[in-house]
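Novice: With the input below, show me the fold.
(one chain, ligands or ions: 2)
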Amino acid sequence: MGQTLAQKIWDAHVVRSVDEHTDILYVDMQLLHEVNTPQAFDDLRAAGRTVRRPELNLGTEDHNTPTVAIDKTIQDPAGRRQTTLMRRNCEQFGIPLHRLGDSSQGIVHVIGPELGLSRPGTTVVCCDSHTTTLGAFGALAFGIGTAQVEHVLATQTLLAQRPGNMLVTITGRLNPGVTAKDLVLALIAQIGTGGGQGHIIEYQGEALRHLSMESRMTLCNMSVEAGSKAGLIAPDDVTFDYLAACPNMLTGADWDHEVAYWRTLCSDDDAVFDRHVTIDAGSVAPQVTWGTNPAQCVSLDGRVPSPADFHDAADRIAAERALAYMDLTPGTAMRDISVDTVFIGSCTNGRIEDLRSAAEVLRDRQVDTGVHLLIVPGSARVRAQAESEGLDEVFRRAGADFRPAAGCSLCAALNEDRLRPGQRAASTSNRNFEGRQGKGSRTHLVSPAVAAATAVAGHLAQPADL
Ligand SMILES: CC(C)[C@H](C(=O)O)[C@@H](O)C(=O)O
Ligand code: SF4
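Specialist: Ligands and ions are numbered 1, 2, ... in the order given. I've put the predicted structure just below:
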């Protein structure tokens, strides 16, 4: 029987099988950020252990970091403490760390790929659920908890349960103006927030081959919002071209040898998946969420649904609650919803392609006077690239607030960027949970193009509406 790509990578990393379902896996790379790691280092110290392979670990500062300046002190005492501990721990154990102000600092899932650390066929873990992003390179990448972080630090291995395999076939091609963000939101609306639970999703199909690495990352990033363990895309020439341009990448015969191996990384034709769904990319329109989970989503052309539209009782109750929290009336056209904030950034849509797409919309236009448009680069490299292309000028001229420092910012409101209760945002991030962007905040998830058009229009809109 053939194997899936996920099974192949998994098997290649088994150090020891514990039982039929559980293996000890070798971890090729562990990424770290300041949240969720201090305890892991404390426990490591308490157990009198050390870090087994410091060079296979890499830290960055992203969640708590201010974005208004690279030399600003973190105001929140808990955030300041986490960051101080991150610096101390990395120094003590010899783990490389990209601090705020460093040219390679940024959101962990943005810098990993930029630095070429998510190579096809490798295992990558991180103390963060959106580690799934790195699956875009054909790496088996997933989030782990604090206790597991300690285990990886101490042994460079991980005790893990074999997940199931799910295939998502994406047929057709995305239409102009429709992005990977719309595709993944439409997929989650179709399969639900638990649709991928217990599974690694592998994406296959025609549409994928026409997606850039950045768009593939957006797709894999939000795989976790469908409940899946990881998202995976077999590598191809698009992947290799991206990696070839990364710093410290292999060269010459070493590179050729590696690429020859990478080309073998795909699921066998007769591989068996436990679940299979198909989505037609050509049928996807720009999406926007109306509720408080990413599956509560409709086309921008659509209307706020009524709880009565849902057959399932749990969905009906969830819709009632979401509508009350979002202060929305069933039947309202999505385009009639005004926002006071627009956020372009995060590990979902804070890369250069996203900023370019926003700049295209904002060039020679003005942000609506009632809207605060916050644009936060996903990494210091993204920021530098944006500046070298003059995008910062486009943003400034349009009246946007383009931040000099990279980080998670308004995606999770763990730094000083947050909405006030009752404020409503169109946001390119990945979660629209209650209070996600600040207590009482209301979030509509959208693509960067829709976000930029919304900032200009003052209400949910796409570029074609302007
Ligand atoms: C803080 C961190 C652990 C968390 C995650 O795991 O995803 C955050 O990044 C998020 O997006 O909610
Ligand atoms: S940008 Fe948002 S989703 Fe991504 S790691 Fe940061 S807080 Fe989590």
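
Novice: Tell me who's in contact with Met1.
Specialist: Contacts for Met1 (CB atoms under 8 Å, 6 or more residues apart in numbering) come out as Asp270, Ala271, Val272. (Glycine included, C-beta is placed from N, CA and C.)

Novice: Likewise for Pro294?
Specialist: Pro294 neighbours (CB under 8 Å, 6+ apart): Leu185, Ile188, Thr193, Met222, Glu225, Asn430, Arg431, Asn432, Leu445.

Novice: Take those and lay them out in a markdown table including pLDDT and secondary structure.
Specialist: Output for the contacts of Pro294, formatted as a markdown table (pLDDT from 0 to 100; DSSP: H, G, I helix; E, B strand; the rest coil):
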| residue | pLDDT | secondary structure |
| --- | --- | --- |
| Leu185 | 98 | helix |
| Ile188 | 98 | helix |
| Thr193 | 97 | coil |
| Met222 | 98 | helix |
| Glu225 | 98 | helix |
| Asn430 | 98 | coil |
| Arg431 | 98 | coil |
| Asn432 | 98 | coil |
| Leu445 | 99 | strand |
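
Novice: mind checking how far the closest residue to Asn248 other than its chain neighbours is from His109?
Specialist: Leaving aside its chain neighbours, Asn248 sits nearest to Gly116 (6.3 Å; criterion: CB to CB, 6 or more residues apart in numbering). Using CB to CB, to the nearest Å, Gly116 is found at 14 Å from His109.

Novice: any chance you could read off phi and psi for Ser338?
Specialist: phi -90, psi 150 (degrees, to the nearest 10).

Novice: ok, for it, nearest residue in space, not its chain neighbours?
Specialist: Excluding its sequence neighbours, the residue lying closest to Ser338 (CB to CB, 6+ apart) is His459, at 4.6 Å.

Novice: Pull the number of nearby residues for that neighbour.
Specialist: 19 (other CB atoms under 10 Å).

Novice: Gly143 now?
Specialist: Neighbour count for Gly143, taken as other CB under 10 Å: 18.

Novice: What residue spans form the domains of this structure?
Specialist: 5-277, 288-465 (automatic domain parsing).

Novice: Show me which of Gly116 and His109 is the more surrounded one.
Specialist: His109 (33 against 17).

Novice: wouldn't Cys347 be in contact with Gly112 here?
Specialist: No: if you go by CB atoms under 8 Å, Cys347 and Gly112 don't touch, sitting 9.7 Å apart.

Novice: Overlap of the contact sets of the two?
Specialist: Taking CB under 8 Å, 6+ apart as the contact rule, Cys347 and Gly112 both touch Thr133.

Novice: Need the nearest residue in space to the closest residue to ligand 2 within the stretch 151-300 of the chain, chain neighbours excluded.
Specialist: Nearest to ligand 2 in the stretch 151-300 of the chain, going by CB to the nearest ligand atom, is Asn221, at a distance of 7.6 Å. Excluding the flanking residues, the one nearest Asn221 by CB to CB, 6+ apart is Thr133, at 4.1 Å.

Novice: So that neighbour belongs to a helix, correct?
Specialist: Yes: counting by DSSP: H, G, I helix; E, B strand; the rest coil, Thr133 falls inside a helix.

Novice: Compute the distance between it and ligand 2, please.
Specialist: 8 Å (CB to the nearest ligand atom, to the nearest Å).

Novice: For that residue, grab the count of nearby residues.
Specialist: Neighbour number of Thr133 under other CB under 10 Å is 33.

Novice: returning to what we had before: could you verify my assumption that the residue of the stretch 151-300 of the chain closest to ligand 2 touches Thr348?
Specialist: Yes: Asn221 is in contact with Thr348 according to CB under 8 Å; the separation is 4.8 Å.

Novice: Would you tell me which strand is longest in this protein?
Specialist: Ranked by residue count and defined by DSSP state E, the top strand of the chain is strand 164-171.

Novice: Just checking: what are the partner strands of that strand?
Specialist: strand 199-204 (parallel), strand 275-280 (parallel) (DSSP bridges).

Novice: Which positions in stretch 413-431 come out as buried?
Specialist: 413-419, 423-431 (16 or more other CB atoms under 10 Å).

Novice: One more: stretch 391-398?
Specialist: Buried positions in stretch 391-398, judged by neighbour count with 16+ other CB under 10 Å: Leu391, Asp392, Val394, Phe395, Ala398.

Novice: returning to what we had before: deepest-packed of the strands paired with strand 164-171, please.
Specialist: Among those, strand 199-204 has the highest mean neighbour count (mean count of other CB atoms under 10 Å), at a mean of 26.

Novice: what does that strand contact?
Specialist: So strand 199-204 is contacted by 4-6, 140, 163-170, 216, 219-220, 223, 226, 228-234, 267, 273-275 (CB under 8 Å, 6+ apart).

Novice: now stretch 297-308
Specialist: By CB under 8 Å, 6+ apart, stretch 297-308 touches 185-186, 188-189, 285-291, 316-317, 319-320, 323, 328-335, 337, 445, 450, 460-462.

Novice: So what would you say the end-to-end distance of that stretch is?
Specialist: 16 Å (CA to CA, to the nearest Å).

Novice: That stretch: how far from the chain's middle?
Specialist: In terms of CA atoms, centre = their mean, to the nearest Å, the centre of stretch 297-308 is found 25 Å from the chain centre.

Novice: OK, contacts around Glu214?
Specialist: Glu214 neighbours (CB under 8 Å, 6+ apart): Arg351, Ile352, Glu353, Asp354.
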